[in-house]
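Q: please find the sequence and the predicted model below.
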Amino acid sequence: MSIECLEHKSKMRLPVSLYLLSVWLGFLCVIFVFLWSGTWRGGFSWDGSFLQFNWHPALMVTSLVVLYGNAIVLYRVPLTWSRRWCKLAHAGLLFMAVVLAVLGLCAAFDFHSANNIPHLYSLHSWTGISTVALFTLQWFVGLCAFLLPWTPLAIRAHLKPLHIWMGMAIFILSLITSLSGINEKLLLTLNGRNGSNTEPYTALPAEALFANSLGVLVVIFGLVVLKILSTPKWKNPEFENETDRPLLTDAR
């Protein structure tokens with residue numbers, strides 16, 4: 001390969017700095033959500049109290065935003081990844097996200113049941129349960145279509161555009177749900193629903209400022225991930241063909 005071709009190929013790859021920025025922003029989102037629950041909300045437990053509910057935002061941001069976002073940009077990572085290992089890493093991160101998301105839902109539902117609070121009454125809960133349901137379905141269909149050997153090659157090729165579109169749509173829903181959840185929790189906790197004696201949300205106390213900053217981090221992380229996904233020149237041509245042999249029968 002000529003020097004000109006190598007230089008052209010290098011220009012088409014995702015900048016390492018942008019990928020590292022997405023990783024760092026995701027790490028900050030996780031740190032902020034755990035600090036919020038640990039510092040201002042009293043920590044974590046699994047006893048039906050508000051300490052149990054604290055697991056809900058921590059696990060949902062970690063799973064549906066950070067793990068999910070990092071999983072869907074793996075195909076753009078500017079490293080030497082084989083197609084086989086990239087697919088396995090993609091599926092593995094998404095599976096971890098599914099497990100944590102289900103645990104996050106369990107924390108919320110158990111808390112509501114223990115305190116006689118109605119389930120699924122808010123817009124946040126509607127978008128949240130829909131996002132987790134779509135995410136779980138997307139992971140299962142992806143597993144059957146792109147990792148297991150029995151799906152016909154033609155079906156895999158036709159499913160791929162829908163799989164990519166659904167992946168981005170679910171990520172956007174995750175961002176919307178997380179932002180609405182942060183705002184809803186602040187409104188409830190800072191306006192006396194949990195017996196808190198802190199200043200109201202409208203006074204913008206330190207907790208509100210910190211949680212709002214978490215929301216801003218989630219937005220920036222989401223925008224960086226969507227920028228990476230929506231830039232055609234950063235696609236890896238080695239991962240574009242879905243008409244080859246299924247992954248689990250590939251000995252390479």
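A: That came in fine, so what should we check first?
Q: residue 204: what's its closest spatial neighbour, skipping adjacent residues?
A: Closest residue to residue 204 apart from its sequence neighbours, by Cβ to Cβ, 6 or more residues apart in numbering: residue 212 at 8.0 Å. Using the backbone N, CA and C atoms, a C-beta is placed for each residue, glycine as well.
Q: contacting residues for that neighbour?
A: Residue 212 makes contacts with 182, 186, 204, as judged by Cβ atoms under 8 Å, 6 or more residues apart in numbering.
Q: give me phi/psi at the last one?
A: The reference is to residue 204. phi 50, psi 60 (degrees, to the nearest 10).
Q: mind listing the strands for the chain?
A: Here the chain has no strands by DSSP state E.
Q: which residue ranges of the stretch 1-150 of the chain form helices?
A: For the stretch 1-150 of the chain, the helices defined by DSSP state H, counting those that start in this stretch cover 3-12, 16-35, 50-53, 55-60, 68-72, 83-114, 123-142.
Q: for residue 229, which of those is the nearest?
A: Evaluated with Cβ to Cβ, those place helix 68-72 nearest to residue 229, the distance being 6.6 Å.
Q: average pLDDT across that closest one?
A: Averaged across helix 68-72, the pLDDT comes to 97.
Q: with stretch 38-54 instead?
A: 95.
Q: what comes up buried for that stretch?
A: 40-41, 50-54 (16 or more other Cβ atoms under 10 Å).
Q: do the same with stretch 17-35
A: 18-19, 22-23, 25-26, 28-30, 32-34.
Q: got those residues as TSV, with pLDDT columns?
A: Supplementary listing: the buried residues of stretch 17-35 in TSV, determined by pLDDT from 0 to 100:
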residue	pLDDT
18	94
19	93
22	96
23	96
25	98
26	98
28	98
29	98
30	98
32	98
33	98
34	98
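Q: sketch out the low-pLDDT regions of this structure for me.
A: 1-12, 79, 81, 192-197, 237-252 (pLDDT under 70).
Q: can you redo the contacts of residue 212 as JSON lines with distance to residue 86 and neighbour count?
A: Output for the contacts of residue 212, formatted as JSON lines (distance: Cβ to Cβ, whole Å; neighbours: other Cβ atoms under 10 Å):
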{"residue": "182", "distance to residue 86": "32", "neighbour count": "20"}
{"residue": "186", "distance to residue 86": "38", "neighbour count": "19"}
{"residue": "204", "distance to residue 86": "44", "neighbour count": "12"}
